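> Predicted model and sequence below, questions to follow.
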Amino acid sequence: MTTLDLAALFPGPGAHLPELLTTDHLPLAELHSARLHGELFALEDGFIPADIPETSRLRARALAHSLPPLRDRDALCAVGDTARWIHDMDEPRPARHTLRGIFPHRVWQWSSARIEVLPGSVPEHARVRIGGMWTERHHRPTAHPPAPSADTQVGHG
């Protein structure tokens, strides 16, 4: 079996591989072959060259590419564990991605083995666009909890 020469597929001066390779770029068999040879690693339904770091933007792009070809998929927003996974590189990938719509007047609710679209919507102030996908804003917990106030301290004695 010959090794897939990815550089030969994207030739030219200054040419480089796309950050996210999909079946739009190469047949699935060739993508899997390159993954087996350590040239790519899988991210959702896409593949990333081994020398490109996994980022929030790439996670969001890969997830968006994994969505069914819905007419309104730009109107979906990653929420909950999925949003935390997109924002935080230390967060494990959820077993099932969760999404909500962004319009309050539209009722979204469907699911597949890997994705669940919940009813309800995510308001504009609670979402941010990352890698072309709406993502619920992530609020990191503070490193140190606030000091207890005099009202909450329990006296000794």
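Nice, thanks for sending it over. All values derive from a computational prediction rather than experimental measurement.
> Determine the longest strand present in this protein.
When the chain is parsed with DSSP state E, its longest strand is strand 115-121.
> Apart from its neighbours in sequence, what residue is nearest residue 115?
residue 97 (4.8 Å; CB to CB, 6 or more residues apart in numbering). (Each C-beta comes from the backbone N, C-alpha and C, glycine too.)
> thought that neighbour was touching residue 116?
Yes - at 7.2 Å, residue 97 and residue 116 qualify as touching, with contact defined as CB atoms under 8 Å.
> quick one: which of the two has more around it?
residue 97 (23 against 17; other CB atoms under 10 Å).
> which residues touch the more buried one?
By CB atoms under 8 Å, 6 or more residues apart in numbering, the contact list for residue 97 reads 63, 66, 78, 82, 114-116.
> Which PyMOL command selects the buried ones in those?
Burial among the contacts of residue 97 is assessed by 16 or more other CB atoms under 10 Å; the matching PyMOL selection reads:
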select buried, resi 63+66+78+82+115+116
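> Walking through this protein, point out its strands one by one.
Along the chain, the segments classed as strands by DSSP E run 40-43, 46-49, 76-78, 97-101, 110-111, 115-121, 127-130, 133-136.
> which outside residues touch the longest one?
Okay, so that is strand 115-121. Against strand 115-121 from outside (CB under 8 Å, 6+ apart): 66-67, 76-77, 79, 96-104, 106-111.
> Report the inter-axis angle for it versus strand 97-101.
Interaxial angle, strand 115-121 versus strand 97-101 (axes from the mean of the first three to the mean of the last three CA atoms, to 10 degrees): 30 degrees.
> buried residues in strand 115-121?
By neighbour count on 16+ other CB under 10 Å, the buried set for strand 115-121 is 115-118, 121.
> In CSV: these, plus pLDDT and distance to residue 22.
Output for the buried residues of strand 115-121, formatted as CSV (pLDDT from 0 to 100; distance: CB to CB, whole Å):
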residue, pLDDT, distance to residue 22
115, 90, 17
116, 90, 23
117, 89, 22
118, 90, 26
121, 91, 29
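> How many neighbouring residues does residue 42 have?
Residue 42, neighbours per other CB under 10 Å, totals 12.
> so who does it touch?
Shown in contact with residue 42 (CB under 8 Å, 6+ apart): residue 35.
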